[in-house]
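Novice: kindly return the folded structure for what I paste below:
(one chain, ligands or ions: 1)
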Amino acid sequence: MEQLLSQIQQYKQEMLATKATNKDELEAFRIKYLGTKGLVKTIMGEMKNVAPEKKKEAGQLLNEFKIFAEELYAGMSAAIDNTTTVQVQTIDSSLPGDPLPLGGRHPISMVHNKIISIFQRLGFSVAEGPEIEDDWHNFTALNLPENHPARDMQDTFYISQNPDWLLRTHTSSVQIREMEKGVLPLRIICPGRVYRNETISARAHCFFHQVEGLYIAENVSFADLKQTLYFFVQEMFGDKVKIRFRPSYFPFTEPSAEMDISCLICGGEGCSVCKRTGWVEILGCGMVHPNVLENCNIDSKKYTGFAFGMGIERITMLLYQVKDLRLFSENDLRFLKQFTSAI
Ligand code: DAH
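Specialist: The predicted model follows:
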């Protein structure tokens, strides 16, 4: 009995001297004292050697010892858990935060905004229309009646539920919507997304962006058109750039023209971008066809007007020498990052 008592004392002291400060040390403590082969179990086994009259006393002593060991273990375990929590909660708020990269505008948006601001300075206001259009606004009213061969110039996505509906192939449809409102004179630009049934490649895409321009008033002439576009080109590409007009055909304008600018890469000397001609085409334009005015109930004897339409992707490609149209819709950050402060 005496021996048992001193043994318990010795273990208690040993235990108190053990300071488990992490989970591994705690586990080692548990195995040594409280495990199935631990010292507490072993010393409990001594009960069989205790004289019968001392058994009760010894039983109490051993029980207390067991509780002592368990409580010590529980105390150390709680302390370790607390330290872990405390560590998690310790955030040094004086440290600088992780830098968040700053976003930037998409190059198409930047050029879109610049085009708008140039024309706004000339008194044009912005008009928008739906991307799902009807046949009348996209084709028929623009002097492109059903079965007109010029409809082939623009491969069209039709909407299966309604044969009259399509995805607009150009923003010229917005001209019609605005003219139909009957408020004259009219001076608008119409930016927006357009769709064509094209195979995607470096030079063609099934969707892209256009800006349409329209000016209808009394006595508007081709000279007004040229001067307006000349101003635009100078503001967009700089004052060294030259322009030229080539006769062309669009059903909605008469006469019609395409406008070229002198090549920005070689300055007109001839290079691969301008196919050695020194010129690159940037837009289509012309005087609004009288049929188009009449389709919108505008008196074509009293009013005349000019119109033009350009692709935003094309302008952006020329400005920044981008050679593949697909880059604009893939949204690869390595590409987009190069434009963060371009304009
Ligand atoms: N709508 C034409 C196209 O998408 C572009 C265009 C050409 C618009 C001449 C015009 C214009 O307003 O006068 O190809």
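
Novice: the residue of the chain most remote from its centre and M1, how far apart?
Specialist: The C-alpha centroid of the chain is most remote from E53, which lies 86.3 Å away (C-alpha atoms, centre = their mean). Using C-beta to C-beta, to the nearest Å, one gets 10 Å for the distance from E53 to M1. All C-beta spots, glycine's among them, are computed from the backbone N, C-alpha and C.

Novice: check P247 too.
Specialist: Noted for P247: a distance of 123 Å to M1, by C-beta to C-beta.

Novice: cool, G35 as well?
Specialist: G35 is 26 Å from M1, by C-beta to C-beta.

Novice: re earlier: the more surrounded of P247 and M1?
Specialist: Higher neighbour count among P247 and M1: M1, with 15 against 9, using other C-beta atoms under 10 Å.

Novice: could you list every residue that touches the more buried one?
Specialist: Going by C-beta atoms under 8 Å, 6 or more residues apart in numbering, M1 touches 50-51, 54, 57-58.

Novice: buried residues in the helix or strand of the chain with the lowest mean pLDDT?
Specialist: Least confident helix or strand of the chain, by mean pLDDT, DSSP states H and E, is helix 55-89 with a mean of 82. Residues 58, 61-62, 65-66, 68-69, 72-73, 76-77 are the ones in helix 55-89 that count as buried (16 or more other C-beta atoms under 10 Å).

Novice: now, which of these sits nearest the ligand?
Specialist: Checking these against the ligand with C-beta to the nearest ligand atom, the nearest one is S77 at 75.7 Å.

Novice: right, and that closest one touches L26 too?
Specialist: Yes - if you go by C-beta atoms under 8 Å, S77 and L26 touch, sitting 5.8 Å apart.

Novice: one step back: show me what the least confident helix or strand of the chain is packed against.
Specialist: Contacts defined by 3 or more C-beta pairs under 8 Å, 6 or more residues apart in numbering; DSSP states H and E place helix 55-89 against helix 2-17, helix 23-29, helix 39-44.

Novice: among those, which is the most enclosed?
Specialist: A comparison of the helices and strands packed on helix 55-89 by mean neighbour count, using mean count of other C-beta atoms under 10 Å, puts helix 39-44 on top with a mean of 16.
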